[in-house]
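Asks: Pasting the sequence and the predicted model now:
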Amino acid sequence: MKVVSNTSPIMNLAVVKRLQLLQELYHELYIPEAVQAELKAIPDKKAQREVRQAPWIRIGSVRDRRFVQTLRLELDEGEAEAIALSLELPADLLLMDEIRGRRIAERFSVRTLGVLGVLLQAKRGGLLTAVKPILDDLITKAGFWVGDELYARVLHEAGEQDAN
């Protein structure tokens, strides 16, 4: 399975010390050069080092710069390159949290999944015993925004009770 990732899923999982979930689920991950540059700016230096030293994260160069520039009318550079790389490889899955980017990717029939979906997939695959502690860490340590309704829905899908 070929998987491309935007910055957010990698950065957020690295900050909460769960980056290895991506390797356990997908074995290797492709990121475009713009995402590589964005990951160099992770404020948490330990997380930044972990990402930089992950040999299973591969860098891909996007060939169609014109397509990227068209996508840039609505998206940032990392999102635009991630979508373009997903189409060029072609990838089976694009990891992306930003709603606008996901909607645009889906217009091109690119299957997307966000970091919360990754957690659910990891739990279903037996890689996690509980999603809630990681979800809470994403919110408190990584500053990942999750509305109350989505929080409850993720815990419900994970088969966990909302303790709030």
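Replies: Cool, got the structure. The shown structure was predicted, so the numbers you read here are calculated from the model rather than taken from an experiment.

Asks: Show me which residues of the longest helix along the chain are buried.
Replies: Across the chain, the helix with the greatest residue count (assigned by DSSP state H) is helix 77-88. Neighbour-count burial for helix 77-88, counted by 16 or more other Cβ atoms under 10 Å, picks out 77, 78, 79, 80, 81, 82, 83, 84, 85, 86, 87, 88. Yep, even glycine has a C-beta here, placed from its N, CA and C like the rest.

Asks: List the backbone torsions phi and psi for the spatially closest residue to the fifth one that is not a sequence neighbour.
Replies: So the one you mean is residue 81. Spatial nearest neighbour of residue 81, chain neighbours left out: residue 32 (3.5 Å); criterion: Cβ to Cβ, 6 or more residues apart in numbering. Phi and psi for residue 32, reported as degrees, to the nearest 10, are phi -80, psi 170.

Asks: By mean pLDDT, flag the weakest helix or strand of the chain.
Replies: None of the helices or strands of the chain scores lower by mean pLDDT, DSSP states H and E than helix 45-52, at a mean of 88.

Asks: can you give me the helices for this protein?
Replies: So, for the chain - with DSSP H - the helices run 7-15, 20-26, 33-39, 45-52, 65-71, 77-88, 99-107, 115-124, 132-140, 148-157.

Asks: Please name whichever of those is nearest to residue 1.
Replies: helix 20-26 (6.2 Å; Cβ to Cβ).

Asks: helices or strands up against the closest one?
Replies: Secondary-structure packing of helix 20-26 (3 or more Cβ pairs under 8 Å, 6 or more residues apart in numbering; DSSP states H and E): helix 7-15, helix 115-124.

Asks: Highest mean neighbour count out of the ones you listed?
Replies: Compared across the helices and strands packed on helix 20-26, helix 7-15 shows the largest average neighbour count, a mean of 25 (mean count of other Cβ atoms under 10 Å).

Asks: State the mean pLDDT of that helix.
Replies: For helix 7-15, the mean pLDDT works out to 96.

Asks: what angle sits between it and helix 132-140?
Replies: 110 degrees (axes from the mean of the first three to the mean of the last three Cα atoms, to 10 degrees).

Asks: Identify the residues contacting helix 7-15?
Replies: 19, 21-22, 29, 31, 35, 38-39, 42, 44, 47-48, 50-51, 57, 78, 95-98, 114-115, 118, 138, 141-142, 144 (Cβ atoms under 8 Å, 6 or more residues apart in numbering).

Asks: Kind regards, and thank you for your time.
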